[in-house]
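Enquirer: Task: produce atomic coordinates for the following.
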Amino acid sequence: MGISKMLMQLSMVVAIIVIEFCSNSESSSVESLNGGCLDRCGDVEIPFPFGTGESCYLEAKYWITCNGSSAFLTGSPIIVNNISLRDGELSVMQYLTRDCYNKQGVPDIIKPFNSIWLSDFTISGTKNKFIALGCDTYATVVAYRGNRRYETGCISSCDYFDESNLRESCSGVGCCQTSIPSGLKNFTVWLSSYYNHSFVWKFNPCSYAFVVDESKFKFSSFHELRTVETLPLVLDWSIGDAPCEVAETLENYTCKGKSECVKSNSGSGYLCKCLEGYEGNPYLLDGCQDVDECKSMTNPCSNGECQNLPGSWTCTCPKGYILNTTGTGCDKDVGSDLQSNNKRALFLYIGLGMYITDLVLDFCYRINPNS
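Expert: Sure, this is the predicted structure:
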C-alpha cells in the first residue's frame, strides 16, 4: 500500500514537471516569434505576416527591410508607405516618367520610360490608373502576365493649357487616363512626343506618365510634378496560392482564432479577416479580440442598458419594456400595460358590484325590515 502510494505521488510529480516544461516551451516559442520584432519602421506599421527580422515574418516574401526611417520591399529599392491587413494591400512609391524639352525642341530632361518588376505581389487593377499629362503627349504602358503581353495607352494633345483651371479629375484637356489589367507583376511606361513640344513649349514644355493610386493623385497638382520623383502605387498581397475552400484543409492554414478566410484581390491565395464583432490581427493566435460595442459607441440601447457579449451585444430592458425585434433597443411593453389596465378594471368592477349589492340589500331591508 505504501509503495503504491509513493508511485502515485511520483507519477503526479512527473506529470506536473512535463506540463510545466511544455508550457515553458510554448511560451519560449511565442517569445522567439514576437520578441525583438519591430512593429514599426519609421512611420509605417509592420503587422504580421510581415516583419523586419528573422522569425518575425511568415515567409521570405513578407520580409520588410528597415533602415531606421524607411521601409522597403526586401531586395528592392521600392519604398513601402502602408500595409493594410483588412484590404490585403501595400502602398508603395514608384518613379514617374518625365519627358521635357527646351525652346528649340531639344530634349532637356530625358526619362522616357520607367519599369517596375515584382516577384511576389501584383499591381492592383482596381485602385490604380494609367495617367498621362501634357499637350504633345503619347504614352503607353506595356506589361506581361506570364508570357502574354499587354499594351494600352492614350494620347493628349491641345493648343492651350491653363493650369489654373485644372480640376481634381481629368477633364480631357491636357490629360488622359485608362485602366490597367488586374494580376500584373510588372509594367513599363513609355512616353514620347510628336513635335518635341515645339508648338506648346511656352505653356507646356514637359509630358508626364505613370501608373498611380487613383485616390492619391489630383490633377490640380499638375505643376508639382516638375519636382516630384515618385508617386504612390497600390499592390495586392495574399497568403499562398490556394483558394479558401482548399486552404482551410491544409496544415499551414494561416487564419487564427476568431477569424475566417476571405478571397484576395491578387488573383490567387486568400486573406484572413476577424469575425464580425472582433478586431485585431487575424494572422496571430488570439489576434482577434472582442469589440466591446457598449464602450465603442454611445449607448446603442434606447430605453435600456447595453450588455457586451462575445462578438456581439444585447440590451437589458427595464420593467415595462421589452427587447425590440432587432435586439438594439427596448420598446414599451404594450401588452403589459393592457394587462395592468385589465386588472385595474376588474378590481373596479368587483368593487362597484359589491357597492351596488350593498345598496340593493340596504334598500330591500328598508322596505321590508322583517324579512
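Enquirer: got a list of what the residue most central in space within the chain touches?
Expert: When Cα atoms, centre = their mean is applied to the chain, the residue found nearest the centroid is residue 86 (2.8 Å). Applying Cβ atoms under 8 Å, 6 or more residues apart in numbering to residue 86 gives the contacts residue 273. To be clear about C-beta, it is placed using only N, CA and C from the backbone, and glycine gets the same treatment.
Enquirer: and residue 172, how many neighbours?
Expert: 10 (other Cβ atoms under 10 Å).
Enquirer: That one is in what secondary structure piece?
Expert: Residue 172 is part of no helix or strand, with elements assigned from DSSP states H and E.
Enquirer: pLDDT score assigned to it?
Expert: Reported pLDDT at residue 172 in the predicted model: 83.
Enquirer: now swap in residue 4 and tell me
Expert: In this model, residue 4 is scored at 41, pLDDT.
Enquirer: Equivalent analysis for residue 252, please.
Expert: pLDDT for residue 252: 95.
Enquirer: Name the SS class of it, please.
Expert: The three-state label given to residue 252 by DSSP: H, G, I helix; E, B strand; the rest coil is coil.
Enquirer: how about the residue nearest to it when sequence neighbours are not counted, what does it touch?
Expert: The shortest distance from residue 252 to any residue that is not its chain neighbour, by Cβ to Cβ, 6 or more residues apart in numbering, is 7.7 Å, and that residue is residue 240. Residue 240 makes contact with 247, 250, 252, 254, 268-270, according to Cβ under 8 Å, 6+ apart.
Enquirer: need these in CSV with distance to residue 191, can you?
Expert: Supplementary listing: the contacts of residue 240 in CSV, determined by distance: Cβ to Cβ, whole Å:
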residue, distance to residue 191
247, 42
250, 45
252, 44
254, 41
268, 32
269, 34
270, 38
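Enquirer: Pick the one among those residues closest to residue 186.
Expert: residue 268 (16.4 Å; Cβ to Cβ).
Enquirer: Correct me if wrong: the closest one contacts residue 237.
Expert: No - here residue 268 lies out of contact with residue 237, judged by Cβ atoms under 8 Å, at a distance of 10.9 Å.
Enquirer: For the residue nearest to residue 317 when sequence neighbours are not counted, give its distance to residue 314.
Expert: Using Cβ to Cβ, 6+ apart and skipping residues adjacent in sequence, the residue nearest residue 317 is residue 330, 3.8 Å away. Counting by Cβ to Cβ, to the nearest Å, the gap from residue 330 to residue 314 is 11 Å.
Enquirer: Need the residues touching each of the two.
Expert: Common neighbours of residue 330 and residue 314 (criterion: Cβ under 8 Å, 6+ apart): residue 323.
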